[in-house]
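>>> after the sequence you'll find the predicted model.
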Amino acid sequence: MSWIDIGHIDDIPLHGARVVKTPGGCVGLFRTGPQQVFAASDRCPHKGGPLSEGIVHGHSVTCPLHNWVFDLNTGQALGADEGRIETYPLRVEAGRLLIDGTAIGKRSAA
Amino acid sequence: MTQKLVIIGAGMASGRVIEHLLDADPGAYDITLFNAEPRGNYNRIMLSPVLSGEKTYEEIVTHSDAWYAERGITCRFGEHVVKIDPEMKVVEGENGHVPYDKLVIATGSAPFIIPVPGHDLPGVISYRDLDDTNAMIEAAAKGGKAVVIGGGLLGLEAAAGLKERGMEVTVLHLMGHLMERQLDEAAGYLLRKDLEARGITVKTQASTKAILGEDRARAVLLDSGETLGADLVVMAVGIRPETRLATDAHLDVARGIEVNAQMQTSHPDIYAVGECVEFDGHLFGLVAPLYDQAKVLADSLLDQPNAFVVKELATKLKVTGCDLFSAGDFAEGETRDDIVFRDPARGIYKRLVIEEDRLVGAVMYGDTADGSWFFGLIKDGTDIEEMRETLIFGPAFQGGASADPLSAVAALPPEAEICGCNGVCKGQITSAIERGATDLGAIRATTKASASCGTCTGLVEQLLAVTLGDGYAAPQAQPICGCTHHTHEDVRRLIKSQELKSQAAVWQELGWTTANGCHICRPAVNYYLLADWPLEYQDDPQSRFVNERKHANIQKDGTFSVVPRMWGGITTPDELRAIADAADKYDVPTVKVTGGQRIDLLGVRGEDLPGIWSDLNRAGLVSGHAYSKGLRTVKTCVGTDHCRFGTQDSTGLGIKLEKHLWGSWTPHKLKLAVSGCPRNCAEATCKDIGVICVDSGYEIHVGGAAGMEIKGTELLCKVATEEEAIEVISAMTQIYRENAKYLDRIYKWLAKVGLDWVKTQIVDDLENRKALAARFELSQSVYRKDPWAEHAQDRTTRAQYAPLANLTLEAAE
Ligand SMILES: Cc1cc2nc3c(=O)[nH]c(=O)nc-3n(C[C@H](O)[C@H](O)[C@H](O)COP(=O)(O)OP(=O)(O)OC[C@H]3O[C@@H](n4cnc5c(N)ncnc54)[C@H](O)[C@@H]3O)c2cc1C
Ligand code: SF4
Ligand code: FES
């Protein structure tokens, strides 16, 4: 793993999200708690909705286009919908956000 | 030969080291102990009970002078060590040198002082040692006001102690809720409530700008411009490891003095222990790990193999009456689940965080009796799959009968209280049921049970079910969503009656089953709070659908549409030019005229929004709120200005109305129109509110619809002047804002309450009409403003529109 510093946790509003551009597309960073952030694909598997624009609640995000809900722990769509988004290792250290560069790199190679 | 051991710092960590060392081998070392404080070791964590007066200093001393003397320890108390010379193996105290064979640095940490102007004035105290505590006790004896900066463990203990000693105390905290490192929002909310109940003022999101005063601290100035009088200022914003000696001696120092698992620094004869160290990236601020370190260090000094490992920690706050517990890690993770339990009536909140069938974190407030049991599960990594269903109820429930709520209610004795607000017990309710009250409404009417705060509604329903068996049909009222059993109407009512002014208050007091709601309930609750408490509640953008958060309409490809306001549908060549220029500059693919008499720029990239807004702002154009559940447009016809049929200045009134109403949030979108005569060219009779001008004045119509449903308006009233028309429409908007369910347009809401009721409120009752209009105006004092300008001009908000980072370049290398 190679950890890349992508910013400070307070750059993301609580219960909000931002994106990071990667060669393989946008990765959403979802701040689910004061010290908790998840990284996952920003693209909804339904019709490509930008998940970082959705409402973040509990450990989930709701797609802004048609309300599919994804569990950020697993990437799995919840409820009746079927689909999954990629999730990426992310660490919060002394407020800095570190994303696993290898995982994102892999994605770009695929 | 006895070796010479020098220890710098007689604190809680080194105290333990000495005890272990002497227990294992009293003759191994000849010990010299330096301490900057003019005393030996005392139980620092008990300073708070000393501050509050529950204990005396004598009661918290752990190692007396006699203790050291009996063990032949050379004490140099009240003497700072100023230098370490690793080459010569000598430490330099203020009163002379001491050579060592082995050295232990145990200097603890120093309070962090925010370097604001005035931080060094007399009357500003940090909270670390006995002298600080005595200084606070002395200051409190004179009474007056204390401001505590920092709402963490230390700050709150200081605040509670000072309050106990009779000061008027305000706590300032930078973050959104107290103790945010240990608590989540819900527990933070309960803690705040308890502190406020004992008379402590709490201000969150409060950033200190300066401490004011000439000869001593007199006041604290906040970033917001507010000034708080202060006779005493306590700074408790955090600590940083005391590493200066180590840095000067060229040991490896990161945030703390770096040690290996044997507590050895980068220099083989020098060890470090306690809050001054950093191990494997971790710093330490609680005594439990320091005690583990002390044991390891004693073994290392005696050449016994041992290794320090970082363990989970639990926190408790030592403020009597504030029962909280937090353990493990509920903050970061990949694959986690929450179990939440709330008992609003008793102020209890518990949350467990589970990862792969193990408990990894727990936060509790109000009832922490099971804390140590949960902490044990966390530390041991126990597999909890089997007991997951009942885990939150604690050890008493494990292995017992499954908790069936109905049988629990059935088992209650008749004198068990069901409704706490109205003091109604189970017996009264069952006898009411037997006398024919067979639904919730009837129970409320006959016994008052569940008629106040409503939190016992579930219990009353269960009682109905138990008593009537199959004869009971559960009520039809739909809860807002899966997070709650309350309906929209209940939540609106309870927010008002219980004066709930934050989301955390709603989640807790109304027993939400999720941590912070979902995409269905959160926007609704956010709206209800801002509608009811316009001054106290701050709108939460993260609880809004993207369109309202980003002040533009999201399109199916993720781009946005931008619609500037055209007051009453009137524009100018300059405005049109600015729109055209913006369309060119930002490559807007589609420019369209909307049904609401304005121009839509479709296909703008999210990142470009602040830029295009700035450009449009420069030409005087503001947000058209084409995206909001709030006022959209006021459509007008040309009226008397140009039309030969016109009876009044319909365009002028439309513009006035739009300027009056713009920016307001409503349960759903709000569209208006003003037509200059009954020919109705502005189509006013299918709007939420429409005005038809006639010779004798203005007819105000309400409740039209022209969307999925089509419906003509009904006449609310007729008034003679523009002023009255504006007042009636303000009152109409406000009564709708205060009463309707989120996402009900006016016509839907009218179908529930009836037009007649609205007429009694705002047509017949003039005083009420004025009061409603005044409340609308109060809310508009906050919301009548251009969100585009605000977002484009504020640097932090503006930054939210751009990606946090761009890794495409780096990865391409
Ligand atoms: C008010 C308060 C309440 C607390 N409550 C809790 C609690 O409830 N639970 C909990 O687990 N922890 C609590 N803590 C934290 C706990 O007290 C510390 O973690 C612990 O005391 C750290 O021990 P230490 O030996 O590393 O440092 P200290 O106990 O701070 O000892 C360091 C000593 O080194 C001396 N020193 C520093 N530099 C020099 C020098 N150059 N020369 C000579 N001497 C020097 C200092 O004067 C000090 O006496 C509390 C702390 C405070 C202040
Ligand atoms: S509504 Fe009446 S006043 Fe207005 S444009 Fe039509 S005909 Fe003229
Ligand atoms: S694109 Fe996400 S739900 Fe349809």
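Looks like it arrived, so ask away. Numbering: from 1, shown residues only, chains lettered A, B, ... in the order given. Ligands and ions are numbered 1, 2, ... in the order given.

>>> does the biggest strand by length in chain A come close to chain B?
Assignment by DSSP state E gives strand A:25-33 as the longest strand of chain A. Yes - using Cβ under 8 Å from any Cβ of the partner chain, strand A:25-33 reaches chain B at A:26, A:29, A:33. Quick note: C-beta positions are derived from backbone N, CA and C, even for glycine.

>>> residue B:603 is in contact with residue B:591, correct?
No - here residue B:591 does not reach residue B:603: they are 9.5 Å apart, not a contact under Cβ atoms under 8 Å.

>>> more neighbours: which of the two?
Counting neighbours by other Cβ atoms under 10 Å in any protein chain shown for residue B:591 and for residue B:603 shows that residue B:603 has the greater number, 17 against 14.

>>> now the nearest residue to residue B:43 once chain neighbours are set aside, what are its backbone angles?
Spatial nearest neighbour of residue B:43, chain neighbours left out: residue B:60 (4.4 Å); criterion: Cβ to Cβ, 6 or more residues apart in numbering or on different chains. According to degrees, to the nearest 10, the main-chain angles of residue B:60 amount to phi -110, psi 0.

>>> any idea how far residue B:60 lies from residue B:46?
Distance of residue B:60 to residue B:46, computed by Cβ to Cβ, to the nearest Å: 4 Å.

>>> same thing with residue A:70?
Applying Cβ to Cβ, the value for residue A:70 to residue B:46 is 48 Å.

>>> who has more neighbours out of the two?
When neighbours are counted by other Cβ under 10 Å, residue A:70 and residue B:46 differ, and residue A:70 comes out ahead with 29 against 17.

>>> ok, whichever strand or helix holds the more buried one near chain B or not?
Element membership for residue A:70, per DSSP states H and E: strand A:69-71. Yes - under the criterion of Cβ under 8 Å from any Cβ, strand A:69-71 makes contact with chain B via residue A:69.

>>> ok, residues contacting that strand?
Outside of strand A:69-71, the residues within contact range by Cβ atoms under 8 Å, 6 or more residues apart in numbering or on different chains are A:40, A:44, A:51, A:59-63, A:76-79, A:81, A:84-85, B:518-519.

>>> try stretch B:87-95
Contact with stretch B:87-95 is made by B:6, B:8, B:34, B:76, B:79-85, B:97-101, B:103, B:269, as judged by Cβ under 8 Å, 6+ apart.

>>> for it, which positions count as buried?
B:89, B:91-93 (16 or more other Cβ atoms under 10 Å in any protein chain shown).

>>> extract the C-alpha set from that stretch and format it as CSV.
Output in CSV follows, covering the C-alpha atoms of stretch B:87-95 (Å, rounded to 0.1, in the frame of the first residue of the first chain):
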residue,chain,number,x,y,z
GLU,B,87,27.7,12.0,25.6
MET,B,88,28.8,12.8,29.1
LYS,B,89,25.8,11.0,30.6
VAL,B,90,25.0,14.0,32.8
VAL,B,91,21.8,15.9,33.5
GLU,B,92,22.0,19.5,34.4
GLY,B,93,19.5,20.7,37.0
GLU,B,94,19.0,24.3,38.0
ASN,B,95,21.1,23.6,41.1
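
>>> is any residue of that stretch near ligand 1?
No - counting by Cβ under 6 Å from any ligand atom, no contacts exist between stretch B:87-95 and ligand 1, the nearest distance being 7.7 Å.

>>> quick one on the thing from earlier: the contacts of strand A:69-71: which ones sit near ligand 3?
Checking the contacts of strand A:69-71 against ligand 3 by Cβ under 6 Å from any ligand atom, the ones in range are A:44, A:63.

>>> on that earlier part again, which among the residues of strand A:25-33 next to chain B gets closest to ligand 2?
Nearest to ligand 2, judged by Cβ to the nearest ligand atom, of these is residue A:26 at 48.9 Å.

>>> tell me, how many residues neighbour the residue lying closest to that closest one once chain neighbours are set aside?
With sequence-adjacent residues excluded and distances taken as Cβ to Cβ, 6+ apart, residue A:26 is closest to residue A:42, at 3.9 Å. The criterion is other Cβ under 10 Å. On that basis, residue A:42 has 29 neighbouring residues.

>>> and what of residue B:53?
Around residue B:53 there are 12 residues (other Cβ under 10 Å).

>>> go on, residue B:261?
15.

>>> ramachandran coordinates for the nearest residue to it once chain neighbours are set aside?
Excluding the flanking residues, the one nearest residue B:261 by Cβ to Cβ, 6+ apart is residue B:307, at 3.9 Å. Backbone torsions for residue B:307, taken as degrees, to the nearest 10, come to phi -140, psi 140.

>>> ok, back up a step: can you pick the most crowded of the residues of strand A:25-33 next to chain B?
Most surrounded of the residues of strand A:25-33 next to chain B: other Cβ under 10 Å gives residue A:29, at 27 neighbours.

>>> I'd guessed that one sits against residue A:41; true?
No - Residue A:29 sits out of contact with residue A:41 when judged by Cβ under 8 Å, with a separation of 11.3 Å.

>>> ok, whatever residue of chain B ends up closest to ligand 2 - contacts?
Nearest residue of chain B to ligand 2: residue B:676, at 2.6 Å (Cβ to the nearest ligand atom). By Cβ under 8 Å, 6+ apart, residue B:676 lies in contact with B:637-640, B:643, B:645-651, B:682, B:693.

>>> for chain A, what spans make up the helices?
Here chain A has its helices, by DSSP state H, at A:101-109.

>>> strands of chain A, start to end?
Using DSSP E, strands in chain A cover A:3-8, A:17-22, A:25-33, A:36-41, A:55-57, A:60-62, A:69-71, A:87-88, A:90-93, A:96-100.

>>> per-residue confidence at residue B:238?
As predicted, residue B:238 sits at a pLDDT of 89.

>>> tell me the phi and psi of whichever residue of chain A sits closest to ligand 1?
Going by Cβ to the nearest ligand atom, ligand 1 is nearest to residue A:94 of chain A, at 18.8 Å. When read as degrees, to the nearest 10, the backbone of residue A:94 gives phi 50, psi 40.

>>> ignoring the adjacent residues along the chain, who's closest to it?
Here the residue nearest residue A:94, using Cβ to Cβ, 6+ apart, is residue B:255, at 7.8 Å.

>>> is ligand 1 contacted by stretch B:18-36?
Yes - under the criterion of Cβ under 6 Å from any ligand atom, stretch B:18-36 makes contact with ligand 1 via B:34-36.

>>> what is the nearest of the residues you listed to chain A?
The closest of these to chain A turns out to be residue B:36 (Cβ to the nearest Cβ; 27.7 Å).

>>> how about the backbone phi and psi for the closest one?
Dihedral pair for residue B:36: phi -70, psi -40, per degrees, to the nearest 10.

>>> circling back to that earlier point, return the member of the buried residues of stretch B:87-95 nearest to ligand 1.
Relative to ligand 1, and with distances defined as Cβ to the nearest ligand atom, the nearest of the buried residues of stretch B:87-95 is residue B:93, at 7.7 Å.
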